[in-house]
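Visitor: Next one to model:
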Amino acid sequence: MATAKQSSAKNLKNTYITPKGLVEAKAELEFFKKTKRVQIAERIRQAREYGDLAENSEYDAALEEQSLAENHISELENILKSVKVI
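Guide: Numbers count the residues shown, from 1 in each chain. I've put the predicted structure just below:
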C-alpha cells in the first residue's frame, strides 16, 4: 500500500510550459505573494475600522478575496513544482 506522500506524488501531473510561460507564471506568483497579499491585508485592516464585523460587507469581501488569492498562490506553486519547459 502506498503512503500518503507516495500517493500524492503519483497524482502530480507534469505541466508543460514554454520558457515565456514559465517567466510569466513566476512573475504572477511573485506579484500575488508580494503585492496582492499586501493590498488585501490593507483592505482587511480598513474594513475592520468600519466597526461591527458581523454586518461588514467590505470585510467579508476582503476575506473572500484573500481566500481566492491564497488558493491561486497555492495552485501556481503546485504547477511550478511539476513544470516541464518545452
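Visitor: okay, CA-based contacts and neighbour counts for the rest of this
Guide: Noted.
Visitor: list the buried ones in the lengthiest helix in the chain?
Guide: Determined from DSSP state H, the single longest helix within the chain is helix 57-81. The neighbour-count check on helix 57-81 (16 or more other Cα atoms under 10 Å) flags 58-59, 62-63, 65-66, 69-70, 73, 76, 79-80 as buried.
Visitor: pLDDT and distance to Leu29 added to the residues you listed, as JSON lines?
Guide: Output for the buried residues of helix 57-81, formatted as JSON lines (pLDDT from 0 to 100; distance: Cα to Cα, whole Å):
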{"residue": "Glu58", "pLDDT": "88", "distance to Leu29": "25"}
{"residue": "Tyr59", "pLDDT": "89", "distance to Leu29": "24"}
{"residue": "Ala62", "pLDDT": "93", "distance to Leu29": "19"}
{"residue": "Leu63", "pLDDT": "92", "distance to Leu29": "19"}
{"residue": "Glu65", "pLDDT": "96", "distance to Leu29": "16"}
{"residue": "Gln66", "pLDDT": "97", "distance to Leu29": "14"}
{"residue": "Ala69", "pLDDT": "97", "distance to Leu29": "10"}
{"residue": "Glu70", "pLDDT": "97", "distance to Leu29": "10"}
{"residue": "Ile73", "pLDDT": "96", "distance to Leu29": "6"}
{"residue": "Leu76", "pLDDT": "94", "distance to Leu29": "6"}
{"residue": "Ile79", "pLDDT": "89", "distance to Leu29": "11"}
{"residue": "Leu80", "pLDDT": "91", "distance to Leu29": "10"}
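Visitor: Distance to Ile40 for those residues - can I get that in a markdown table?
Guide: Shown next, in a markdown table, are those (distance: Cα to Cα, whole Å):
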| residue | distance to Ile40 |
| --- | --- |
| Glu58 | 11 |
| Tyr59 | 10 |
| Ala62 | 6 |
| Leu63 | 8 |
| Glu65 | 7 |
| Gln66 | 6 |
| Ala69 | 9 |
| Glu70 | 11 |
| Ile73 | 14 |
| Leu76 | 18 |
| Ile79 | 23 |
| Leu80 | 24 |
